[in-house]
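Engineer: Have a look at this fold, sequence not included:
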């Protein structure tokens, strides 16, 4: 609450005039973050079917990593057992949007496979975002994660793409 008050230039008491409790503020933040998430993915998805698997891996990781580096976003995803329904929906939406992007890119991919692959990608990006403070500017760890994601997507998507006209590697 103190951080929100400082960032908004108000007093904590003033926040409670608009929001009855902390949970209502968190829910408002979640709704805003969800709208932003949908807009970002809608723009990305518009051109995703033209990307090679390598470009998909690079751009998808960059997109999700940029989202993960927003402090409010990380707090929403790392909230504990007391998540509100909206926060649970937000986490699920991120997973679903990532899976949808994979299915747009590779139409033959099953929903289950897309969801599983999306979860692996999100966990990889979260690992980098969570531990980036441990990397110095010369560290190659983020590049290693990017290479790992490229190879993973190539192995998982290549077989689903075999029935498509063009191989985009």
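Structural biologist: Now that the structure is in, tell me what you want to look at. Just so we're clear, the structure is a prediction, and the values are computed from it rather than from any experiment.
Engineer: all contacts plus neighbour counts: C-alpha atoms, from now on.
Structural biologist: Will do.
Engineer: Helix, strand, or coil at the residue nearest the centre of the chain?
Structural biologist: In the chain, the residue lying closest to the centroid (CA atoms, centre = their mean) is residue 64, at 3.9 Å. Assigned with DSSP: H, G, I helix; E, B strand; the rest coil, residue 64 falls in the helix class.
Engineer: thought it was touching residue 122?
Structural biologist: Yes. With contact defined as CA atoms under 8 Å, residue 64 reaches residue 122; the gap is 7.4 Å.
Engineer: Scan this protein for its longest helix.
Structural biologist: helix 22-45 (DSSP state H).
Engineer: low-scoring stretches of this protein, by residue?
Structural biologist: Low-confidence segments of the chain (pLDDT under 70): 1, 71-84, 86, 132-138, 161-169.
Engineer: residue boundaries of the helices in it?
Structural biologist: Under DSSP H, the chain gives helices at 2-8, 12-18, 22-45, 53-68, 71-78, 85-105, 111-131, 141-161.
Engineer: so what secondary structure elements neighbour the longest one?
Structural biologist: When you say that, I think you mean helix 22-45. Of the remaining helices and strands, those touching helix 22-45 by 3 or more CA pairs under 8 Å, 6 or more residues apart in numbering; DSSP states H and E are helix 85-105.
Engineer: what does the helix it packs on rub up against?
Structural biologist: 27, 30-31, 34, 37-38, 41, 45, 48-51, 76-77, 109-111, 114-115, 117-119, 122 (CA atoms under 8 Å, 6 or more residues apart in numbering).
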